[in-house]
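A.B. asks: any chance you can model this:
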Amino acid sequence: MDGTMGSKNVDMDRAAPGRSYREGISLMELADLFPNEDTARGWFESLLWPDGEMCCLKCGSVNAYRVKSGKPQPYRCRDCKSYFSLKTGTALAGSNLTLRQWAWGIYLVVTHLKSISSMKLHRDLKVTQKTAWFMLHRIREAFGDMLTDLEGPVEVDETHIGGIKGNMHAKKRRTLPEGRGPTHMTTVVGMKDRKTNKVVVRVIDNATQERLHAFVESHRREGAKVYTDEARGYKGLKNHETVKHTAGEYVRDQAHTNGIESFWSMLKRAHKGTFHHFSVKHLERYAYEFAGRHNIRDMDTVDQMAHVVMGMIGKRLLYRELVA
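C.D. replies: Now for the predicted structure:
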């Protein structure tokens, strides 16, 4: 495969959008990088086996070899006797799509600033909309919730995703739970690290003190300073400072939540402009995608793609689970 894919030399003519120091990949260059299935296979192999030593993706043994006929699978382990492919043990397992289609699909996801809809992806890759939808959710699995503790100081805030209450049936409106924020919407809580600029998110039933405290303590490094608004759910947090949004106060010295609020703006623009609707069932996966995209936005495009592939290892998502 063309070795230029791993190059770190920045060509300003092909810098990725919004980051002049990033190295992007144009569609023409992508076509050159992945002209056929062999080049895509070589790229996936270089990521899964970076030292060139083939490893069984089922038992981990390095005593594996290529099957000349490629049937029933391209590789076989001499120790566990299993046949396997580059998709084995990843979110790609069971997929009938080619590795080239997956490489292109991953590229299209990471290079669209507000992500890409299944309607567009199915046209770009010449697959069915159903296949594109499943493909996108598998890619979102790769982002997952990889970060645990943020160095701090951190900003914490919630946003609410959902439809218009007035459009709901009156019977359903009467069953809405009580809690902070619009009760007909789903709450997403997020934390942004000012030092690293990283973001973590979580969908919660409602913004109770118990849930908010659990989220903060599971993701901030012990003792890290935390900034929030004046919501009661945050009261009692250690090393905590607030701004009073209800009193028109948005910044006081270092106390503000502007960073995490800017992240919510991007998520909501994608919600309205790209997807138009997030189902409650899949909302957390969408939120993970945008947190993950935010966290790798300073990488070169090829490194973003590699990050997604590596995030797929050990993940599995079945179609029946998505539609159940």
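A.B. asks: tell me the buried residues in stretch 143-159?
C.D. replies: 143-144, 147, 150, 152-159 (16 or more other CB atoms under 10 Å). Placement of C-beta: from N, CA and C, glycine included.
A.B. asks: would you map the strands across the stretch 1-150 of the chain?
C.D. replies: Remark: strands assigned in the stretch 1-150 of the chain by DSSP state E, counting those that start in this stretch are 64-66, 75-77, 83-84.
A.B. asks: can you put those in TSV and add distance to Y288 and mean pLDDT?
C.D. replies: Below are the strands of the stretch 1-150 of the chain laid out as TSV (distance: least, CB to CB, whole Å; pLDDT from 0 to 100):
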stretch	distance to Y288	mean pLDDT
strand 64-66	32	93
strand 75-77	30	95
strand 83-84	27	94
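A.B. asks: most tightly packed of those?
C.D. replies: Most buried of the strands of the stretch 1-150 of the chain by mean neighbour count (mean count of other CB atoms under 10 Å) is strand 75-77; its value is a mean of 20.
A.B. asks: could you check how far M28 is from R316?
C.D. replies: Distance, M28 to R316, by CB to CB, to the nearest Å: 35 Å.
A.B. asks: so what pairs up with the closest residue to C56 other than its chain neighbours in the strands?
C.D. replies: Counting by CB to CB, 6 or more residues apart in numbering, C56 lies nearest to C77, which is 3.7 Å off, once chain neighbours are set aside. For C77, the beta-bridge partners are A64 (DSSP bridges).
A.B. asks: contacting residues around C77?
C.D. replies: 56, 58-59, 61, 63-64, 84 (CB atoms under 8 Å, 6 or more residues apart in numbering).
A.B. asks: can you say which of the residues you listed are buried?
C.D. replies: 56, 58, 64, 84.
A.B. asks: so the second one makes contact with T88?
C.D. replies: Translated: K58. Yes - using CB atoms under 8 Å, K58 is in contact with T88, at 6.3 Å.
A.B. asks: sec struct for E155, please.
C.D. replies: Using DSSP: H, G, I helix; E, B strand; the rest coil, the structure places E155 in strand.
A.B. asks: surely it and N197 touch.
C.D. replies: No - assessed by CB under 8 Å, E155 is found out of contact with N197, at 11.0 Å.
A.B. asks: need the residues touching each of the two.
C.D. replies: G259.
A.B. asks: can you pull out the helices in the stretch 51-200 of the chain?
C.D. replies: Here the stretch 51-200 of the chain has its helices, by DSSP state H, counting those that start in this stretch, at 99-111, 118-125, 129-143, 170-173.
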